[in-house]
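Engineer: coords please:
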Amino acid sequence: MRTLIFALFFGYIAAISGQVMASSEGIHLDDVEVDLSDKASLQRGAKTFVNYCLSCHQASYMRYNRMAKDLGLTDAQVKDNLMFASEKVGDTMTVAMRAEDAQKWFGVAPPDLSVISRSRGTAWLNTYLRTFFLDDTKPVGTNNLAFKDVGMPHILWKQQGYLTHDEETGHLSPASEGSLSKYDYDVMVADLVNFLAYIGEPSKIQRLELGKWVLLYLFLFFLVAYPMKKAFWRDIH
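Structural biologist: Take a look at the predicted model:
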């Protein structure tokens, strides 16, 4: 019990520290709704993740078959729509690119995204994925408001289009149109962030489901226990 209390305490301190750090850097974070009960959103987020993120970033703590179960998919659906190489459905979501090669090509190995939502926060991820802008001083041609001098290129530029950044006002303005409207792109990013929140703590889905039954049990127990308490103490009072 003591270990659990310390873990919860330090987890809370870490979360607060992350928020303070983001605030101290002058970053305005755009919050996003995370709903792990929205299976359709999680499925769309998973599709975006495997198509655009999994080629460089891995989620080595997540297995395809666990994802299938939690997202309401069959193993066959996962194989047909979310697996494009020789992986098996029981494998973890890893990439073939070696860390040494990534270091040589990008200057840094792309991080594992298994717990990125817990280390960075969903609001940070939502802001990061929507604030890439053109910067011809950078090797990849883009920069980012939430992650200055980031080495990652704007992978979703076809969907969002390119943005320019006004250093005086801090505003981002469209430089070219993408295949999606601003609203549709924001929904796409929200689904991806929702999925990243899920893989950061997949057991949370079961805990939320179990929590409903626990609350119902406590309510029914109260309906029985309170009259018993009144009857027991009647003669004493």
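Engineer: Now the residue lying closest to Phe195 once chain neighbours are set aside: phi and psi?
Structural biologist: Excluding the flanking residues, the one nearest Phe195 by CB to CB, 6 or more residues apart in numbering is Gly45, at 2.8 Å. Every residue, glycine included, has its C-beta placed from N, CA and C. Backbone torsions for Gly45, taken as degrees, to the nearest 10, come to phi -60, psi -40.
Engineer: what stretches of the protein score poorly on pLDDT?
Structural biologist: Residues of the chain meeting the criterion pLDDT under 70: 1-25, 237.
Engineer: Give me the longest helix you can find in this structure.
Structural biologist: Identified as the longest helix of the chain according to DSSP state H is helix 204-233.
Engineer: before we move on, the earlier item: from what I can see the residue nearest to Phe195 touches Leu196, true?
Structural biologist: Yes - with contact defined as CB atoms under 8 Å, Gly45 counts as touching Leu196 (7.3 Å).
Engineer: Pull out the buried positions in the one helix or strand Asp70 maps to.
Structural biologist: Counting by DSSP states H and E, the element that carries Asp70 is helix 64-71. Buried residues in helix 64-71, defined by neighbour count with 16 or more other CB atoms under 10 Å: 64, 66-68, 70-71.
Engineer: now do stretch 184-203
Structural biologist: Within stretch 184-203, the residues scored as buried using 16+ other CB under 10 Å are 185-186, 188-200, 202.
Engineer: if you look at the residues you listed, which of them are in helices?
Structural biologist: Judged by DSSP H, helices contain the following of these: 185-186, 188-200.
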